[in-house]
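Peer 1: Just to be clear, the model below is a prediction. Sequence and coordinates:
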Amino acid sequence: MNLGFIDFVWTVVAGGTVGCLSGLFGVGGGFLLVPVLNIFLHIPIEFAVGAGACQVLGPATTSLLSRRFQVGDLRLPLVLAGGLMIGVVAGASMLEQLSSKAFDESRWLQSPDVVVLVVYFFVLSTIGLFAIWDVHREHAGRPMPRGLLSRWRIPPLMSCKDNGRVLWLSIPILAWFGLFVGFLSGLLGMSGGLVLLPGLIYLIGIRTHAAVLNTLVIVWIVSATATVTYAWHDYIRLELVVALLLGGTFGARIGSELSGRLKGPQLRKGFGWLLLTAAAVVAGKLSILLNGYLK
């Protein structure tokens, strides 16, 4: 895949736009980059996935180095790491198997574009609806209950410090949670933060500050593993990654400045609508693909 000058400029613009939205809402932009690159810039899905994972590694490293954490803060990420890395490799291998098959319109359900975009649609729409619903419940005085998975105490257990309190968590449950997040990250080329942060807060029951710190460590692990895996499968194109980093650096700064002017509920609600808009765009692309295959 060769990236011409015009395509390079548009990729910088796309990286800047996604970076701005990422800075505004405080999440990684991998979940937006892949649909944008594939749908609007017509980058093949496997290279879009590889670029999305690789691009996240830079900001993840910078964010992690800027934080102060103790060795004890690494316990939860290290327990999740095994399942995460296995899941990333499995997801990337599945994408590689789908991409390596000869194109056959009669087997359109095995097309990598269809598989990746369908999974993206369900992930984006589910989390988007949840974010809006959470804000609605908070305004109504009925906040969402937290810690569903922490109640399943399947041994062996591990202790996790969370702002002065101690949580006892099931290692098998954490491993399966990490495997699920890793698989989505490997298949979709996102850092996993989109699923991790609400998962740690609402499913595991960790408070927001500790969840953000754990997410940063886990996102770095996922991004590093995914980058190596995609490079092994030859899905990394340096000119594409450079263009995304160039635009994303400036875009993230603008988004961060705008974020300080909005309140928490406004940000969560806007984030939910952003995900639903992205899901609608993905659904439009899917309808075009499916109409072409079924004709």
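Peer 2: Sure, I can see it.

Peer 1: what's the straight distance from one end of stretch 149-168 to the other?
Peer 2: Its start and end residues considered, stretch 149-168 measures 11 Å (C-alpha to C-alpha, to the nearest Å).

Peer 1: If you count neighbours, what's buried in it?
Peer 2: Neighbour-count burial for stretch 149-168, with 16 or more other C-beta atoms under 10 Å as criterion, is recorded at 149, 150, 160, 162, 167. Backbone N, C-alpha and C define where each C-beta goes, glycine included.

Peer 1: other SSEs contacting the longest helix seen in the chain?
Peer 2: When the chain is parsed with DSSP state H, its longest helix is helix 264-294. Helices and strands touching helix 264-294, by 3 or more C-beta pairs under 8 Å, 6 or more residues apart in numbering; DSSP states H and E, are helix 5-25, helix 30-35, helix 112-139.

Peer 1: now those as JSON lines including mean neighbour count and distance to residue 184?
Peer 2: JSON lines is the format used below for the helices and strands packed on helix 264-294 (neighbours: other C-beta atoms under 10 Å; distance: least, C-beta to C-beta, whole Å):
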{"stretch": "helix 5-25", "mean neighbour count": "20", "distance to residue 184": "18"}
{"stretch": "helix 30-35", "mean neighbour count": "27", "distance to residue 184": "10"}
{"stretch": "helix 112-139", "mean neighbour count": "18", "distance to residue 184": "7"}
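
Peer 1: how about those in JSON lines, adding mean pLDDT and distance to residue 203?
Peer 2: What follows is the helices and strands packed on helix 264-294, written out as JSON lines (pLDDT from 0 to 100; distance: least, C-beta to C-beta, whole Å):
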{"stretch": "helix 5-25", "mean pLDDT": "76", "distance to residue 203": "20"}
{"stretch": "helix 30-35", "mean pLDDT": "75", "distance to residue 203": "18"}
{"stretch": "helix 112-139", "mean pLDDT": "84", "distance to residue 203": "12"}
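
Peer 1: mind checking which of the ones you listed is nearest residue 275?
Peer 2: helix 112-139 (3.1 Å; C-beta to C-beta).
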